[in-house]
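*Asks:* Could you look at this predicted model? Sequence included:
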Amino acid sequence: MTSDLSGLAQAELDYRPRWVEPDLADLWLQRLIADTPWTQPRIRLYGRTFEVPRLVAWYGDPEARYRYSGLVHQPLPWSPLLADIRDRLQQSTGLSLNGVLLNFYRDGQDAMGWHSDDEPELGPEPVVVSLNLGATRRFDLRRKGCSRIEHSLPLEHGSLLVMRGPTQHHWQHQIARTRRVSEPRVNLTFRQIIRESI
Ligand SMILES: O=C(O)CCC(=O)C(=O)O
Ligand SMILES: [Fe+2]
């Protein structure tokens, strides 16, 4: 495993610890947990239905329809808090972001399996700006087609992880279940939906 993100070939990853100061991050975490209309989508896999092991919500500009867990989601209109966070992120990264997927991991039993964020509506070089609030969880990276984890990164309270360029073509990521974490975590992945393809 490497400890340096810049050492990963065919990836463009930028980790910024303490992108937001801890007090404000605490406030955002509490408000998002309390005020978001969380849902738990069901997915069909091998002829059976499962509930995804986390809660989610999708917000964005009206045209930013997005497919996840096999379903097309119409965005909720930006709340004042999410619009404020989006403005700060756009200023700080210079990227334009028109939707955000919120993931609520209630404790270490909630997780996200291996995947790439490579849906067609994200365009040829998907941009994912990921804000981390709450419990530190481990973010694993592996090359597509390989089962070996090549890099792991603890995503800390208030940190930002930006993935762009060819990353989603060549790499998959996951948030694995863990017995070590009992605190909640909310992750916000801001995206650029660049094409009306669904
Ligand atoms: O929770 C995380 O840090 C990862 C979320 C993620 O991979 C996604 O929303 O596509
Ligand atoms: Fe992802």
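*Replies:* Yep, that arrived. Ligands and ions are numbered 1, 2, ... in the order given.
*Asks:* most remote residue from this structure's center?
*Replies:* In the chain, residue 47 marks the outermost C-alpha relative to the chain mean, sitting 26.9 Å out by Cα atoms, centre = their mean.
*Asks:* If I look at the closest residue to residue 176 other than its chain neighbours, what pLDDT would I see?
*Replies:* With Cβ to Cβ, 6 or more residues apart in numbering as the criterion, residue 176 has its nearest non-adjacent residue at 5.9 Å, and that residue is residue 111. For the C-beta atoms, the positions are set from N, CA and C on the backbone; glycine is no exception. In this model, residue 111 is scored at 98, pLDDT.
*Asks:* How about residue 176?
*Replies:* 98.
*Asks:* what number of residues lie near it?
*Replies:* Residues near residue 176, counting by other Cβ atoms under 10 Å, number 15.
*Asks:* tell me the phi and psi of it?
*Replies:* Note on residue 176: backbone dihedrals following degrees, to the nearest 10 are phi -80, psi 150.
*Asks:* got the contact list for it?
*Replies:* 111, 138, 140 (Cβ atoms under 8 Å, 6 or more residues apart in numbering).
*Asks:* right, and the residue nearest to residue 176 touches residue 104 too?
*Replies:* No - using Cβ atoms under 8 Å, residue 111 is not in contact with residue 104; the gap is 12.0 Å.
*Asks:* shared neighbours, those two?
*Replies:* What both residue 111 and residue 104 touch, as defined by Cβ under 8 Å, 6+ apart, is the set residue 54.
*Asks:* So if I had to pick from the two, which one is more boxed in?
*Replies:* Set side by side, residue 111 and residue 104 show more neighbours around residue 104, with 21 against 16, by other Cβ under 10 Å.
*Asks:* Residue 35 is in contact with that one, correct?
*Replies:* No - assessed by Cβ under 8 Å, residue 104 is found out of contact with residue 35, at 11.7 Å.
*Asks:* What residue, apart from its backbone neighbours, is nearest the residue of the chain found nearest ligand 1 spatially?
*Replies:* Nearest residue of the chain to ligand 1: residue 187, at 3.4 Å (Cβ to the nearest ligand atom). Nearest residue to residue 187, sequence neighbours excluded (Cβ to Cβ, 6+ apart): residue 103, at 4.6 Å.
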